[in-house]
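Colleague: Sequence and predicted structure, then a few things I'm wondering about:
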Amino acid sequence: MSVAFTKEDSAETASETLLPDRPVSPHPNLVTEAGLRALETQLRKARAAYEAAQAIEDVNERRRQAAIPLRDARYFAARVRTAQVVATPASSETVAFGSTVTFRRDDGRVQTYRIVGEDEADPKAGSISYVSPVARLLLGKAVGDEAGASGQHLEIVAIA
């Protein structure tokens, strides 16, 4: 059947349904156990949303509704496949992946963050990625150590 006889919108519809893949970090995909579970949950949700979109009768609307879940499913499938689970640190002597670290900044502010994988990082909720500039300064340090670069100076107050 010729394309002329199918219900097809303009190039606008095609561009709405051909979303670029979500960028994947070049860093190792380190995750906590909770981070892996969150990735698996996101993958299930994306697949469910894609399946729901497939039930839409109108082909153009189906494509629009399936575009984001399909892109997300590809992303989360890749992240689950490449996840490297890092166990909770056995010691709180030094800052490591999975540690919760409290530090004091030069201006007196005291902040606490858990160092986690890139996909599970949420600074507002108290977690930062292990590849973030602050985490890179803190990793390997002990209580009382100071870390600094580019005008930032941090003093480690506690590690849990």
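Modeller: Yep, that arrived.
Colleague: Output the below-cut-off pLDDT ranges for this structure.
Modeller: Across the chain, the ranges flagged by pLDDT under 70 are 1-17.
Colleague: one more time with 90
Modeller: Scanning the chain for pLDDT under 90 picks out 1-19, 148-152.
Colleague: All the strands of it, residue numbers only.
Modeller: 30-31, 84-85, 100-105, 110-116, 127-129, 146-149, 152-159 (DSSP state E).
Colleague: okay, now R114: neighbour count?
Modeller: 19 (other C-beta atoms under 10 Å). Every C-beta, even on glycine, is put in place using the N, C-alpha and C of the backbone.
Colleague: Thought F97 was touching it, still the case?
Modeller: No - counting by C-beta atoms under 8 Å, R114 does not reach F97; the two are 9.7 Å apart.
Colleague: tell me the domain ranges of the protein?
Modeller: 13-85, 100-159 (automatic domain parsing).
Colleague: quick check: longest helix of the chain.
Modeller: Assignment by DSSP state H gives helix 59-82 as the longest helix of the chain.
Colleague: List the buried residues in that one.
Modeller: Buried positions in helix 59-82, judged by neighbour count with 16 or more other C-beta atoms under 10 Å: 60, 63-76, 78-80.
Colleague: elements contacting it?
Modeller: Helix 59-82 sits against helix 11-17, helix 33-54, with contacts defined as 3 or more C-beta pairs under 8 Å, 6 or more residues apart in numbering; DSSP states H and E.
Colleague: Most tightly packed of these?
Modeller: Of those, the one with the most neighbours on average (mean count of other C-beta atoms under 10 Å) is helix 33-54, at a mean of 16.
Colleague: and the longest helix of the chain, how far out from the chain's middle?
Modeller: 16 Å (C-alpha atoms, centre = their mean, to the nearest Å).
Colleague: Measure how it sits relative to helix 33-54, angle-wise.
Modeller: Interaxial angle of helix 59-82 relative to helix 33-54 (axes from the mean of the first three to the mean of the last three C-alpha atoms, to 10 degrees): 160 degrees.
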